[in-house]
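1. Structure for the following, please:
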Amino acid sequence: MPYIDPEVILEAKRMDLLTYLQNYEPHELVHFSGNTYCTRSHDSLKISNGKWFWWSRGIGGRSALDYLVKVRELSFTDAVEQIMGRTASTPPVFVPQQKQGPKALLLPEPYSNTDEVERYLLRRGIDHVLIQTCIAAGRIYENRNEPEPGGNVYINTVFVGFDAQGQQKYAALRGINGDFKGEATGSDKHYSFALPALEPSDSVHLFESAIDLLSYATLMKMSGKDYSTENLLSLAGVYQPQKDISKSKVPAALMRFLEDNPQVTKVLLLLDNDYAGRMATKAIMTVLPKEYEAIDRPP
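-> Alright, predicted model coming up:
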């Protein structure tokens with residue numbers, strides 16, 4: 001690969017995709033809604049808040065350089081040269097990144113049925129009635145990304161999180177026919193996927209993912225227990241503590257749940273029994289306010 005000065009590479013990486021398209025390919029840019037755009041060639045590629053994500057392929061990035069390599073399939077060298085060549089002939093006018101209030105949640109379009117999602121969750125061992133209950137409540141639904149010409153259909157399970165007033169605030173996406181994992185644009189991590197107790201409970205069970213949570217609820221049903229008597233809360237993936245554990249923060253979803261449910265005094269940690277799960281458990285038990293009892297319950 002030809003040598004490119006590292007400073008030139010850094011300069012090329014500064015160019016965000018929205019600025020690049022507005023300056024050099026305005027015909028390719030289509031306004032979607034609010035501050036969100038898509039491209040004329042790929043309407044499932046959304047650009048928002050300085051990032052872009054190609055939903056039909058499950059790939060994304062921040063910069064125009066990422067876009068040219070991952071979407072246009074240019075070599076890294078050619079992509080850098082294309083950006084720098086255009087900026088040399090026509091200096092860009094950078095799109096200002098506006099400071100905003102809370103971002104609007106852009107939920108993926110629901111598919112007409114949930115057949116594939118139900119089959120997927122059943123294969124994962126989740127109880128059928130539990131699946132139906134979550135679908136009926138709008139906590140789970142199916143999303144399909146229409147393929148580009150000659151491409152595959154990508155099917156996602158969407159796990160929705162709600163605030164205390166029942167408003168949709170978060171959505172995690174899990175690919176059924178691939179390895180894709182992501183979050184809907186505008187997702188607020190304070191409100192991850194959960195199954196709150198139907199009656200007040202003094203404890204909350206904490207899990208890494210929605211699938212872990214549903215698996216636990218299924219196990220409760222299998223042992224003759226009623227999962228709806230417990231607060232079940234997921235963290236939307238692995239929680240990353242600080243290198244100095246004492247400087248870690250309580251996960252946003254857990255902190256908000258505790259604020260919204262003052263009757264809760266016990267936190268049961270059911271995080272994975274691997275290195276990441278054990279470190280996350282140690283960090284949460286270290287930084288959780290002392291008025292709460294933290295109980296480690298690894299699988």
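
2. So which residues of the protein form strands?
-> Applying DSSP state E to the chain gives strands spanning 29-33, 36-39, 45-48, 51-54, 59-61, 140-145, 154-162, 168-175, 181-183, 194-195, 203-207, 231-234, 266-269, 293-296.

3. Output those in CSV, with mean pLDDT, mean neighbour count and distance to Y275 appended to each entry.
-> Bear in mind the C-beta positions are built from the backbone N, C-alpha and C, glycine included. Converted to CSV, these look like this (pLDDT from 0 to 100; neighbours: other CB atoms under 10 Å; distance: least, CB to CB, whole Å):
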stretch, mean pLDDT, mean neighbour count, distance to Y275
strand 29-33, 80, 13, 40
strand 36-39, 85, 20, 37
strand 45-48, 84, 22, 34
strand 51-54, 85, 20, 29
strand 59-61, 83, 17, 27
strand 140-145, 90, 21, 30
strand 154-162, 93, 23, 25
strand 168-175, 92, 22, 22
strand 181-183, 82, 17, 19
strand 194-195, 98, 23, 26
strand 203-207, 97, 24, 17
strand 231-234, 98, 24, 20
strand 266-269, 97, 19, 15
strand 293-296, 96, 14, 15
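
4. Using JSON lines, please lay out the ones you listed together with distance to P91.
-> As requested, the strands of the chain are exported to JSON lines (distance: least, CB to CB, whole Å):
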{"stretch": "strand 29-33", "distance to P91": "19"}
{"stretch": "strand 36-39", "distance to P91": "22"}
{"stretch": "strand 45-48", "distance to P91": "21"}
{"stretch": "strand 51-54", "distance to P91": "22"}
{"stretch": "strand 59-61", "distance to P91": "23"}
{"stretch": "strand 140-145", "distance to P91": "36"}
{"stretch": "strand 154-162", "distance to P91": "38"}
{"stretch": "strand 168-175", "distance to P91": "38"}
{"stretch": "strand 181-183", "distance to P91": "34"}
{"stretch": "strand 194-195", "distance to P91": "49"}
{"stretch": "strand 203-207", "distance to P91": "50"}
{"stretch": "strand 231-234", "distance to P91": "47"}
{"stretch": "strand 266-269", "distance to P91": "53"}
{"stretch": "strand 293-296", "distance to P91": "55"}
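
5. out of those, which comes closest to R14?
-> R14 sits nearest to strand 59-61 of all the strands of the chain, at 13.6 Å, using CB to CB.

6. quick one: which of the strands of the chain is nearest A252?
-> Closest to A252 of the strands of the chain, according to CB to CB: strand 168-175, at 10.3 Å.
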